[in-house]
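Turn this into a structure:
(2 chains)
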Amino acid sequence: EADIYQTPRYLVIGTGKKITLECSQTMGHDKMYWYQQDPGMELHLIHYSYGVNSTEKGDLSSESTVSRIRTEHFPLTLESARPSHTSQYLCASSLPGQGNEQFFGPGTRLTVL
Amino acid sequence: GENVEQHPSTLSVQEGDSAVIKCTYSDSASNYFPWYKQELGKRPQLIIDIRSNVGEKKDQRIAVTLNKTAKHFSLHITETQPEDSAVYFCAASKGSNYKLTFGKGTLLTVNP
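Numbering: from 1, shown residues only, chains lettered A, B, ... in the order given. Model prediction:
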């Protein structure tokens, strides 16, 4: 089934750990995005990609990094997690062509102790 | 860059009443205006969108209006139901080669 997937859904880790949040989509979308969102709050764009080997920083400064080696895969990495990174991370992808309808993944809720 | 302001931040209505959420945008080149609904603990989902070549679009109980001159657009929900309770986000974009700029969201509560 065509969808956008994120793993893990929940992650609790200690300070200083390196983590990678996975995002994959099976819809053939070129564009992918990472948002940071505290529950029910504003969506902050932290990274986006318009295709393979293309990555850009978003509107909110983030210590995370991303890569786009394959069209369907857009992982986000934190080299050294801190409690300030505790949040929900939402991945999204969008259709090519007119407009910019974005489809969101289910999110990863990260807690850093 | 684009700036999208959304009001109100919270809205409480009685079941059956109408709800209106308003957004303004700053970039006159923006031409795509989607609305997303995010239920508690769920992902945002597109509920309706409008492009700059039309002034109004309806889908059952929801409608969106666009005033390009004033650079604002609104979401209208009629005959509200408890399941309409959610956070609603507006957004604006200059097209498929540009990212979406989101408003800060409106928490809508429909009281039975």
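
Mind telling me what element residue 110 is part of?
Here I'm looking at chain A. strand A:108-112 (DSSP states H and E).

wait, chain B
Using DSSP H and E, B:Val110 falls in strand B:106-111.

what packs against that strand?
Applying 3 or more CB pairs under 8 Å, 6 or more residues apart in numbering or on different chains; DSSP states H and E, one finds that strand B:106-111 contacts strand B:10-14, strand B:19-25, strand B:86-92. C-beta here means a position set from N, CA and C on the backbone, and glycine is covered the same way.

Other residues contacting it?
Residues outside strand B:106-111 that contact it (CB atoms under 8 Å, 6 or more residues apart in numbering or on different chains): A:40, B:6-15, B:19, B:21, B:77, B:80-89.

Would you map the strands across the chain?
The chain I'm using is chain A. A:4-7, A:10-13, A:19-25, A:31-37, A:44-51, A:54-57, A:65-66, A:76-78, A:87-94, A:102-104, A:108-112 (DSSP state E).

please go with chain B instead
With DSSP E as the criterion, chain B has strands spanning B:4-7, B:10-14, B:19-25, B:32-38, B:45-51, B:56-59, B:62-67, B:72-77, B:86-92, B:101-102, B:106-111.

got CSV for the ones you listed, with mean neighbour count and mean pLDDT too?
Below are those laid out as CSV (neighbours: other CB atoms under 10 Å in any protein chain shown; pLDDT from 0 to 100):
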stretch, mean neighbour count, mean pLDDT
strand B:4-7, 18, 97
strand B:10-14, 13, 98
strand B:19-25, 20, 98
strand B:32-38, 23, 96
strand B:45-51, 16, 94
strand B:56-59, 12, 94
strand B:62-67, 18, 97
strand B:72-77, 21, 98
strand B:86-92, 25, 97
strand B:101-102, 24, 94
strand B:106-111, 18, 97
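
Enumerate the beta-bridge partners assigned to the residue nearest the centre of chain A.
Centroid-nearest residue in chain A: A:Trp34, 3.3 Å away (criterion: CA atoms, centre = their mean). Judged by DSSP bridges, the bridge partners of A:Trp34 are A:His47, A:Cys91.

residues touching it, list them.
A:23, A:45-48, A:58, A:64, A:66, A:74, A:76, A:89-92.

repeat that for 6 Å
A:46-47, A:76, A:91 (CB atoms under 6 Å, 6 or more residues apart in numbering or on different chains).

separation between the nearest residue to A:Tyr89 once chain neighbours are set aside and B:Phe33?
For A:Tyr89, ignoring the flanking residues on the chain, the nearest one in space by CB to CB, 6 or more residues apart in numbering or on different chains is A:Thr108 at 4.9 Å. Applying CB to CB, to the nearest Å, the value for A:Thr108 to B:Phe33 is 28 Å.

so how many other residues sit close to the nearest residue to A:His29 once chain neighbours are set aside?
Spatially, and ignoring its direct neighbours in sequence, A:His29 is nearest to A:Ser93 (3.8 Å; CB to CB, 6+ apart). Around A:Ser93 there are 26 other residues, counting by other CB atoms under 10 Å in any protein chain shown.
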